[in-house]
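Colleague: Could you work out the structure for the sequence below:
(2 chains)
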Protein chains: 2
Amino acid sequence: MSAPQPTSHNPQPTSHNPQPTLGILGGGQLAQMLALAALPLGVRVTVLEPDPQAPARLCAEHLAAPYTDPQGLARLAGCDAVTLEFENVPLPALAALDGRVPLRPGPGVLARSKHRAREKEALRAAGVGTAPFVTIEEAADLTGALARVGGQGLLKTSELGYDGKGQARVNTDADLGAAWAALGRVPCVLEGLVAFEREVSLAVARTAAGQVAFGPLVENVHRQGILRTSVCRAAPQDTGGRARELARAVAEGWGLEGLLTLEFFELPGGELLVNEVAPRVHNSGHLTQDGGGVSQFEAQVRAVLGLALRDWSPLLPCAMVNVVGVAGPDGQPLHPDWAAIDALPGTRVHLYHKDWRAGRKLGHVNLVAPDEATLHARLRQLEALIP
Amino acid sequence: MSAPQPTSHNPQPTSHNPQPTLGILGGGQLAQMLALAALPLGVRVTVLEPDPQAPARLCAEHLAAPYTDPQGLARLAGCDAVTLEFENVPLPALAALDGRVPLRPGPGVLARSKHRAREKEALRAAGVGTAPFVTIEEAADLTGALARVGGQGLLKTSELGYDGKGQARVNTDADLGAAWAALGRVPCVLEGLVAFEREVSLAVARTAAGQVAFGPLVENVHRQGILRTSVCRAAPQDTGGRARELARAVAEGWGLEGLLTLEFFELPGGELLVNEVAPRVHNSGHLTQDGGGVSQFEAQVRAVLGLALRDWSPLLPCAMVNVVGVAGPDGQPLHPDWAAIDALPGTRVHLYHKDWRAGRKLGHVNLVAPDEATLHARLRQLEALIP
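Modeller: Okay, the predicted model is just below:
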């Protein structure tokens, strides 16, 4: 942690220091879990979210209105601070909040993280490596692009992609042209394929006063573009220190107020390249809910409200497996084996109260164990119980 | 755990198995923390509680009506099961729910636990020891009572006492008469003073199908009749096995469905006498929220809804210190040193969103540590930060 004096919550309401209030743009499962973490800190949460069935409505005041609704935004502006659970906040919402309430992370961070090309340029400006990339904005940009990123790549829309959506693998110039057409010829980034050893992630939080704290280094495995499994080992790893250095460089270079998560490729030699930045809690950090200690959700709440921060690495080895809607050959839902999950020691079930839909994130199961060998043995069992 | 097949939740709503719903009588901090634990299990919670500012309203559907309100009770009767956060449920409420919805624990357990004399008789019937006692219902019962319990005792009202209220220490027959008059000559129990080594507690949960699971053995220190500090050591203790045996005897002897907590006196020779039974989660079990694993709140939710149970001893050494409203000599609130609490590693703050009042439980701070020596060193620091 850095030197500045931490500010602290004053949870006892007084005339001078009323109970802190937090506004959230978005009311999905991340907002739900932020609200669940905020409540025990004495914090009241209000979410602005058009979906009347949004998960966060169950544990927060829910303003069921568009993100750009003037009355809804006025209500958020009355909070002590506003944060978000998704990066694509409409510009009119940003404009309506500007100057009325601290939005954390602020427009500067959001402008970078919502746009792949700007994000990569801003990462490099902060001294952080990325995969080779070329921006594709018009047909002329296609020429020679693939060769410049190493001959194989991923074409991704610059904005609005998530969970593997809005991207295509390209191996030839013909692939590239076809993929760009299929993506609607919108602005894209062509990223060179990186032969990475593993994918890891790490979150960093920073208060407006400049206090910085870090989450654990988490190892991630994806399936069909969606996170499947995350693991956090108790033993400190060499990579962790380097990841924290890079995260600090981004947090300080971008003037972060709040929390952001870096997804890295770890190369065979140990070098870390940043794949993506999410200006918020992240699916790979859900395991911090149950490993003993502060969770990523509490860390974001604290950072946004200027409460004292502390590193939030779990005390115990832990892991997470996502519960995503999977259909069988007949199109019917394939459910996890909940009875066996409940019977497996160390499992913690987290469901989001969302209706089943194929490909939809419905929940996750955290796993915690007294030691790493036990964790890994049980993790193999747990993965077999979740389609 | 016992042999019966565990039932398991089916958290995906289908036409045959909709999302489970839980009703709670009472909306205080225990209901609040039950609701916070229920939500991630895919469970919806409705509380019936007259206080419009009740803590549970922030994370559950709140029916702001008296416990005996027919419409409110009808709404609870529509849940899959109903539980409670306090033992003194009015008889008309019990009658209104009877036969319409499973109330867990049921009237049989509640009739025992809300009445000190019946409780002690029922404990003895289950083969569990208590302090010597005499019931005082009329003036004639006073004669010779003190001698029969060993010459020194505590006179307690049979009903409605909690946190040291409704009781008096008596050392002489004159004390006894005066104390009974001061308590309004209501039915009382005179308990013999027990020279105990320490106070411990342990909770047991049991499903309607007969599956039994246990919480950790917790060591408790009281101050002015209110719990001050609870500690759970990671190492198994001899006493734990004996406490689980007694808890199982009570759970099975009383036909428990749900969760109950036993408070014990541990005598110098290791014998355990039951001091009190709470038919619910208990202040001494709050530390299970942060030690890694299932919490007492999740255990109660699971037991009441018939979901699979598992013992819920924390994986890490942990402790809890209550935050109670304390006034200084000038009558002004003395607040905990929140900045120092936030800076102490392993602390987890839990506030109930209640206005300050002297003697009122406002929150608690859990403490978790990688080993026992660290836990105890930090616990001494933590206690110094909370008035």
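Colleague: ok, A:R57 - contacts?
Modeller: Neighbour list for A:R57: A:G27, A:V47, A:E49, A:A64 [criterion: C-beta atoms under 8 Å, 6 or more residues apart in numbering or on different chains]. (C-beta placed from N, C-alpha, C; glycine too.)
Colleague: hmm, which two among the residues you listed are most spread apart?
Modeller: Using C-beta to C-beta, the pair of the contacts of A:R57 lying farthest apart is A:V47 and A:A64, separated by 9.3 Å.
Colleague: So A:I24, which state does it fall into?
Modeller: Under DSSP: H, G, I helix; E, B strand; the rest coil, the three-state class of A:I24 is strand.
Colleague: Tell me, how many residues neighbour it?
Modeller: A:I24: 30 surrounding residues under other C-beta atoms under 10 Å in any protein chain shown.
Colleague: what does the one 10 residues further on give?
Modeller: The local packing of A:L34 (other C-beta under 10 Å) involves 31 other residues.
Colleague: State the distance from it to B:S295.
Modeller: Per C-beta to C-beta, to the nearest Å, A:L34 is found 19 Å from B:S295.
Colleague: Could you measure from the closest residue to A:L25 other than its chain neighbours over to chain B?
Modeller: Leaving aside its chain neighbours, A:L25 sits nearest to A:L84 (4.2 Å; criterion: C-beta to C-beta, 6 or more residues apart in numbering or on different chains). Separation of A:L84 from chain B (C-beta to the nearest C-beta, to the nearest Å): 21 Å.
Colleague: now the helices for chain A?
Modeller: For chain A, helices defined by DSSP state H occupy the ranges A:29-38, A:70-77, A:91-97, A:107-113, A:116-125, A:145-148, A:173-182, A:238-253, A:296-305, A:338-343, A:372-385.
Colleague: Look up the closest residue to A:R124, ignoring the ones flanking it.
Modeller: In space, A:R124 comes closest to A:T130 once its chain neighbours are excluded; the distance is 6.4 Å by C-beta to C-beta, 6+ apart.
Colleague: Bridging across strands, which residues link to that neighbour?
Modeller: When assigned by DSSP bridges, A:T130 has beta-bridge partners A:V274.
Colleague: Can you get me a residue count around the residue of the stretch 151-300 of chain A found nearest chain B?
Modeller: Nearest to chain B in the stretch 151-300 of chain A, going by C-beta to the nearest C-beta, is A:G292, at a distance of 4.4 Å. Neighbour count of A:G292, defined by other C-beta under 10 Å: 24.
Colleague: Next one: it, what pLDDT does it get?
Modeller: What the model reports for A:G292 is a pLDDT of 89.
Colleague: pLDDT below threshold where in chain A?
Modeller: Applying pLDDT under 70 to chain A flags the ranges A:1-18, A:161-164, A:234-237.
Colleague: Show me how it divides into domains.
Modeller: A:21-103, A:132-192, A:198-385 (automatic domain parsing).
Colleague: Make TSV out of these and add distance to B:V326.
Modeller: Output for those, formatted as TSV (distance: least, C-beta to C-beta, whole Å):
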stretch	distance to B:V326
domain A:21-103	17
domain A:132-192	49
domain A:198-385	23
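Colleague: Mind checking those for the one nearest to B:P387?
Modeller: Taking these one by one with C-beta to C-beta, domain A:21-103 is closest: 17.1 Å.
Colleague: ends of the closest one, how far apart?
Modeller: Terminal residues of domain A:21-103 are spaced 13 Å apart (C-alpha to C-alpha, to the nearest Å).
Colleague: residues contacting A:G192?
Modeller: A:A131, A:P132, A:F133, A:V149, A:G150, A:Q152, A:G153.
Colleague: Please spell out which residues along stretch A:208-224 are buried.
Modeller: By neighbour count on 16 or more other C-beta atoms under 10 Å in any protein chain shown, the buried set for stretch A:208-224 is A:A208, A:Q211, A:V212, A:A213, A:F214, A:G215, A:P216, A:L217, A:V218, A:E219, A:N220.
Colleague: now stretch A:94-105
Modeller: For stretch A:94-105, the neighbour count (16+ other C-beta under 10 Å) marks A:L94, A:A96, A:L97, A:V101, A:P102, A:L103, A:R104, A:P105 as buried.
Colleague: Next: stretch A:243-256.
Modeller: By 16+ other C-beta under 10 Å, the buried positions in stretch A:243-256 come out as A:A243, A:R244, A:L246, A:A247, A:R248, A:A249, A:V250, A:A251, A:W254, A:L256.
Colleague: out of these, who's nearest B:E119?
Modeller: For those, the nearest to B:E119 is A:R244 (55.1 Å; C-beta to C-beta).
Colleague: who's in contact with that closest one?
Modeller: A:L202, A:V204, A:F214.
Colleague: do that again at 10 Å, thanks
Modeller: Applying C-beta atoms under 10 Å, 6 or more residues apart in numbering or on different chains to A:R244 gives the contacts A:L202, A:V204, A:V212, A:A213, A:F214, A:G215, A:L217, A:D311.
Colleague: from those residues, which are also near chain B?
Modeller: Restricting these to those near chain B by C-beta under 10 Å from any C-beta of the partner chain leaves A:D311.
Colleague: In the contacts of A:R244, find the pair that's most separated.
Modeller: Spanning the widest gap among the contacts of A:R244 are A:V212 and A:L217, at 15.9 Å by C-beta to C-beta.
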